[in-house]
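Enquirer: coordinates only, no sequence provided:
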DNA sequence: GCATCATCTTA
DNA sequence: GTAAGATGATGCG
């Protein structure tokens, strides 16, 4: 019996929020198949179904603001339908393990959210929903059943609507008619006639959706069809007569029960109205699931980015939303439940106590919170501290309320004045995550954190990098996840992202304090963990304290100083380039016979290969024509030269002349950022702007280097290591021929050519030298004959022969390459000259090309990595001999250091630098306890000029 | 508004 | 063939 007959719908109050009944089992399955199975926590728990179910529930609650709700689930226990029919749902395959593991989490999550969950052993979710919908109707509620199961449409009546939040389709009475062509009350018969294999309903043979619809339109019900079976045609009549038994069974299977013996207690189906309800449980489960935005919602329930968090319905006119009060509740709660002691320090008395503890400590964590990731524009907003795990302090110094008004807090200058002696005292070690940034910020307030390497007890980012550069990225959130299995509150969680992001001073204080305290706390926990790891591997500790930390402090100084630009000159170049670019564009359009965007590879490809009919176009992996220089160079057409020149000038203008002028400060100095924990080999990288890829190869490009100058009375000085990676290869391979060539100071490429070709050194042609150079570089990059052939325009056979010849002359090099490969394969890492372990993933990868790429990287890693070690050490050595008043180290470009130096002392300074750099292994490394016996001389070439072009 | 692709710059 | 970062175009939301 369906509910309709019993209903008197006049008393239903549609102004009240509807009672929402959710088919939990449907959402669980549907989301599992709809969302990628790659959604997993770092622990490998699949979360696609959990995530999808959560989103569906949130969407429903947002939409209807219900006061009452229930989610029903099937259980594993057999139901009466199983007893009725042996095939009922019998064909269904075993539930995938990836889904099964999610079920307990889905249940736990729903319960944590305070949503009534109904799962009754031996009862199907459909029947629970049917019964509750029926009861709710009788009591005058408007009901929405959320499911994608069409069977449920039998429950639709004037007060029950079925809705699918997957496709947003709603079925009221008219909707059901439109979709199925029958009344909701006929759905059971409709299903019985046509059958439903997935539900074990056999149906009547030969009857599908269309016939079922037609029959029910004509006869209204199966009972009536059977009563008039004689009217049916021969075959159909036969089938019906034979099917009466199975029809009866199918009908029972298809009928959703609406009168189960369960009495809903409406109070137990009421949703909580307080967003902080169960917050600890919510936090716990979302943390375990690594649902960052959900955690953020808990921390900051009224943030604009938080549009999906659960907010229970309340009459709008009564709502007194006080974000601060709510935020305090949530953060208090989180502190208590996690058993953490996080404090916000706003009174002088509390701060005095903190200062006392900091001053008496051996070391502590410090972290600064600011208004900007770029230290040049950042304002200090607060500082957090940790002296032990699970305890942290946040001292706000420039927070404002949502109106932008100052809030009660200690004054920034007072706080900093009291901290300064402690922060500058190297006897009290500072611990931090990416301390270079904090050092920049504090320097802006005249506090010097880079006075001595010892002042930094640890930088957790650098420690992680030294321990294993590739296991994880080295941001704090990554480290917390990887090493502490903790999902932290991210900055985006508290401040939003993109255009809507707010600055940290506007984040409500309690939320900000939690975030900042967590950072300090996590950093302390990482410090303890990494200290342990570093004790186990003393060379890593040495790399951190004797190499990376001193380098970080030097980089801080270099970034702070910045290099002077000749902005007027850059402006001239821009104008000149622009003029030429315009002219080239006109020419290109004439040559192409049409106008198009020259900067668009897509349009250019179409013009060249489709319209001008040029053949030999190569496609990129996305299927469009490649128009890279290498491809265009093989084409003979006047348009090509124009395009290439246009491209080259556009590149120079947009990437260099325009961009550099834009990032210069008010004193015309540019401050790059060096990233010290990014590359897989130990190299630095440079961003905003990247000053490690300033042009030099072409004359036009090289002009840009002329814009890097020194102030009046100073010169630009450049010092670079000559052939450092090849020297390292000679050393590692211990190759007598190469070592002798370096010892005798020969041009190494010419010497290589002479050796391979069996010629006298002076008889080597420039073409032969070029080829030898390509092979030498190829070796450093783990070359294949294919790659070499491409580089030199050789056939594969020629390339193979050439390599063979090389290895015949340099057998030790071949042995070294093979030994590196083996080491990477067997131990999973290679080591650099200072013993840095560089892990080599994918050496056993089943995909051949991935594996070969890994092998090439493994061959290159000790060479590039050792060169990186050497120049880092050189920076330290040079810094020790340099007088800050007379010269500044400004740039590092992998094998080159760039300085500005007083003109009258520049020759003397050049000698100091050259010697410090050349002696870095024989002297500096040894002083710091690395025992390196380097077989070839390190040679440094120094240039001096009025700009970087002249100096190089 | 944001992510990805193709291209080009360096050591 | 190694290691990086920036740009404009393009396509998705």
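Expert: Good, I have the coordinates. Since the model is a prediction, treat every value here as computed from it, not as a measurement.

Enquirer: can you pull out the helices in the stretch 201-350 of chain A?
Expert: A:209-219, A:222-227, A:234-254, A:279-289, A:292-299, A:323-337, A:348-359 (DSSP state H, counting those that start in this stretch).

Enquirer: so which of these is the most surrounded?
Expert: helix A:292-299 (a mean of 22; mean count of other Cβ atoms under 10 Å). Using the backbone N, CA and C atoms, a C-beta is placed for each residue, glycine as well.

Enquirer: and residue A:438, how far is that from residue A:561?
Expert: In this view, residue A:438 and residue A:561 are 18 Å apart by Cβ to Cβ, to the nearest Å.

Enquirer: and residue A:550, what does it touch?
Expert: A:453, A:876, A:879 (Cβ atoms under 8 Å, 6 or more residues apart in numbering).

Enquirer: hmm, try it at 7 Å
Expert: Neighbouring residues of residue A:550 by Cβ atoms under 7 Å, 6 or more residues apart in numbering: A:453, A:876.

Enquirer: hmm, back to that, quick one: closest of the helices of the stretch 201-350 of chain A to residue A:375.
Expert: Between residue A:375 and the helices of the stretch 201-350 of chain A, the shortest separation by Cβ to Cβ is 22.9 Å, and it involves helix A:348-359.

Enquirer: which other residues reach that closest one?
Expert: A:345, A:364, A:385, A:387, A:393, A:395, A:410, A:415, A:418, A:422.

Enquirer: do the same with stretch A:528-542
Expert: The set of residues external to stretch A:528-542 that reach it, using Cβ under 7 Å, 6+ apart, is A:389, A:458, A:460, A:463-464, A:466-467, A:483, A:544, A:835, A:929.

Enquirer: so for whichever strand or helix holds residue A:58, mean pLDDT?
Expert: Taking DSSP states H and E as the definition, one finds residue A:58 inside helix A:48-64. For helix A:48-64, the mean pLDDT works out to 88.

Enquirer: ok and that helix relative to helix A:292-299, angle-wise?
Expert: 40 degrees (axes from the mean of the first three to the mean of the last three Cα atoms, to 10 degrees).

Enquirer: for residue A:613, see how far away the residue in the stretch 451-600 of chain A that DNA strand C sits nearest to is.
Expert: Nearest residue of the stretch 451-600 of chain A to DNA strand C: residue A:600, at 3.3 Å (Cβ to the nearest atom of the strand). Residue A:600 sits 20 Å away from residue A:613, going by Cβ to Cβ.

Enquirer: the closest residue to residue A:714 other than its chain neighbours in helix, strand or coil?
Expert: Of all residues not flanking residue A:714 in the chain, residue A:900 sits nearest, at 4.8 Å (Cβ to Cβ, 6 or more residues apart in numbering). What DSSP: H, G, I helix; E, B strand; the rest coil gives for residue A:900 is strand.

Enquirer: residue A:900: neighbour count?
Expert: Using other Cβ atoms under 10 Å, residue A:900 has 25 other residues around it.

Enquirer: quick one: residues contacting it.
Expert: A:710, A:714, A:716, A:887-888, A:890.

Enquirer: how about 6 Å then?
Expert: A:710, A:714, A:716, A:888 (Cβ atoms under 6 Å, 6 or more residues apart in numbering).

Enquirer: can you pull the residues of chain A lying near DNA strand B?
Expert: A:497-499, A:601, A:605, A:620-622, A:624-632, A:644, A:647-648, A:651-652, A:655, A:692-698, A:701, A:893-896 (Cβ under 7 Å from any atom of the strand).

Enquirer: the single nearest residue of the stretch 51-200 of chain A relative to DNA strand C: neighbour count?
Expert: Among all residues of the stretch 51-200 of chain A, residue A:55 sits closest to DNA strand C, at 13.7 Å; criterion: Cβ to the nearest atom of the strand. By the measure other Cβ under 10 Å, the count of residues near residue A:55 is 15.

Enquirer: now do the SS call for the nearest residue to residue A:692 once chain neighbours are set aside.
Expert: With sequence-adjacent residues excluded and distances taken as Cβ to Cβ, 6+ apart, residue A:692 is closest to residue A:686, at 4.3 Å. State at residue A:686, reduced to three classes by three-state DSSP: strand.

Enquirer: ok, residue A:686 touching residue A:671?
Expert: No: the criterion here is Cβ atoms under 6 Å, and residue A:686 misses it with residue A:671 at 10.8 Å.

Enquirer: on that earlier part again, ranking the helices of the stretch 201-350 of chain A by mean pLDDT, which is last?
Expert: Taking the mean pLDDT of the helices of the stretch 201-350 of chain A, helix A:323-337 comes last: a mean of 36.

Enquirer: what about stretch A:158-175, start to end distance?
Expert: The first and last residues of stretch A:158-175 sit 12 Å apart, counting by Cα to Cα, to the nearest Å.

Enquirer: now do that stretch, average pLDDT.
Expert: If you average the pLDDT values across stretch A:158-175, you get 82.

Enquirer: tell me how far that stretch lies from the chain's centre.
Expert: Remark: stretch A:158-175 is offset 39 Å from the chain centroid, using Cα atoms, centre = their mean, to the nearest Å.

Enquirer: returning to what we had before: which of the residues of chain A next to DNA strand B are buried?
Expert: Taking 16 or more other Cβ atoms under 10 Å as the criterion, what is buried in the residues of chain A next to DNA strand B is A:601, A:605, A:625, A:627, A:631-632, A:647-648, A:652, A:655, A:692, A:694-695, A:701, A:893-896.

Enquirer: narrow these to those in strands?
Expert: Judged by DSSP state E, strands contain the following of those: residue A:896.

Enquirer: which one is the residue lying farthest from the centre of chain A nearest to, not counting chain neighbours?
Expert: Farthest-out residue of chain A from its mean C-alpha position, per Cα atoms, centre = their mean: residue A:230, at 69.9 Å. Leaving aside its sequence neighbours, residue A:230 sits nearest to residue A:237 (Cβ to Cβ, 6+ apart; 7.2 Å).
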